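Q: Got a predicted model here, sequence first, then my questions.
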Amino acid sequence: MKDQLHRLISEMLDRGLLFEEATKEFEKQFIMKCLERTGGNRTQAANRLGIHRNTLQKKLSASNRSQPRKKAGPPKKRLTR
C-alpha cells in the first residue's frame, strides 16, 4: 500500500495539485467510503473514523458547500386532478 501511496503522491505533484486540494479530496473520499461501508449510518461511520458524530456532520456540510451547485432546471409541472 505504501508504494501505491508514493505513486499517487508523485502523480498529484506532477499535475500541480495543491496540498489543500489533495487533503480535502482525500478526507472527502475517506468519509464517503466509510459511510458507504456503514450503509449511510453516520454514527457508525464517525465511530469508525474516530471522530465525533457532530464533527462528521460539519465535515459533510462543508464538503457540500464547497461543491458547485447544480443549475436548476425548468420548474416541475404539478399534476392536477
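A: Structure's in. What do you need? If you're wondering where the values come from, they're calculated on a predicted model, not measured in any experiment.

Q: Let me see the contact set for the residue nearest the centre of the chain.
A: Computing the C-alpha centroid of the chain and ranking residues by CA atoms, centre = their mean puts Lys28 first, at 2.7 Å. Shown in contact with Lys28 (CB atoms under 8 Å, 6 or more residues apart in numbering): Ser63. Heads up, the C-betas are built off the backbone N, CA and C, glycines and all.

Q: Next: Met1.
A: Contacts of Met1 (CB under 8 Å, 6+ apart): none.

Q: ok, now Ala45?
A: Ala45 neighbours (CB under 8 Å, 6+ apart): Ile31, Cys34, Leu35, Arg37, Thr38, Leu56.

Q: The second one: neighbouring residues, count only.
A: Counted with other CB atoms under 10 Å, the neighbours of Cys34 add up to 18.

Q: Repeat that for the first one.
A: Close neighbours of Ile31, defined as other CB under 10 Å, add up to 19.

Q: Phi, psi for it please.
A: phi -60, psi -40 (degrees, to the nearest 10).

Q: In contact with it, which residues?
A: Ala45, Leu49, Leu56, Lys59, Leu60, Ser63.

Q: With the third one instead?
A: Applying CB under 8 Å, 6+ apart, one finds that Leu35 lies in contact with Asn41, Arg42, Ala45.

Q: Go through the helix or strand bottoming out on mean pLDDT in the chain and flag the buried ones.
A: Counting by mean pLDDT, DSSP states H and E, the chain has its least confident helix or strand at helix 53-66, which shows a mean of 89. For helix 53-66, burial by neighbour count (16 or more other CB atoms under 10 Å) applies to Leu56, Lys59, Leu60.

Q: so where is the chain shaky, pLDDT-wise?
A: Low-confidence segments of the chain (pLDDT under 70): 66-81.

Q: Now with 50, please.
A: By pLDDT under 50, the chain has no low-scoring segment.

Q: Provide a complete list of residue ranges assigned to helices in it.
A: 2-14, 19-37, 42-49, 53-66 (DSSP state H).
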